[in-house]
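# Fold the following, please.
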Amino acid sequence: MDSRTVTFTHERSNAIPIKSLCNNKYHSYDISYDLKSNFFDPSKSSPPNEFLLKLNQRIQIYESLEKKTFNFTKT
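Have a look, this model is predicted:
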């Protein structure tokens with residue numbers, strides 16, 4: 001039988017200093033969102049959504065085909 005001994009050496013790595021992007025510790029709070037502020041304004045118009053435009057076109061095509069295909073007449 002082959003007996004092998006495995007040893008692990010755990011060494012502590014040196015700490016790497018992380019540079020701060022802002023000097024003021026309260027600066028990050030200024031950038032963050034506040035619960036009192038409202039960024040969504042439904043009264044402002046938004047640009048047309050391409051997905052919704054295409055979806056509406058497909059629905060209109062489907063409805064027009066449905067009317068043409070299933071138009072029953074009395075005889």
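# And the helices in this protein?
27-31, 50-69 (DSSP state H).
# Just the pLDDT at residue 38, thanks.
According to the prediction, residue 38 has pLDDT 64.
# Oh, that last question was meant for residue 32, not what I typed.
58.
# what do you get for residue 22?
The model's pLDDT for residue 22 equals 60.
# And the one 3 residues further on, by the same measure?
In this prediction, residue 25 carries a pLDDT score of 55.
# Phi, psi for residue 11 please.
Here is the backbone geometry of residue 11 (degrees, to the nearest 10): phi -120, psi 140.
# any idea how far it is from residue 3?
According to CB to CB, to the nearest Å, residue 11 and residue 3 sit 26 Å apart. (C-beta placed from N, C-alpha, C; glycine too.)
# How about residue 64?
Counting by CB to CB - residue 64 and residue 3 are separated by 82 Å.
# Neighbour count: these two, which is higher?
residue 64 (10 against 4; other CB atoms under 10 Å).
# quick one: pLDDT of residue 51?
pLDDT for residue 51: 86.
# could the helices of the chain go into JSON lines alongside distance to residue 15?
Shown next, in JSON lines, are the helices of the chain (distance: least, CB to CB, whole Å):
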{"stretch": "helix 27-31", "distance to residue 15": "22"}
{"stretch": "helix 50-69", "distance to residue 15": "49"}
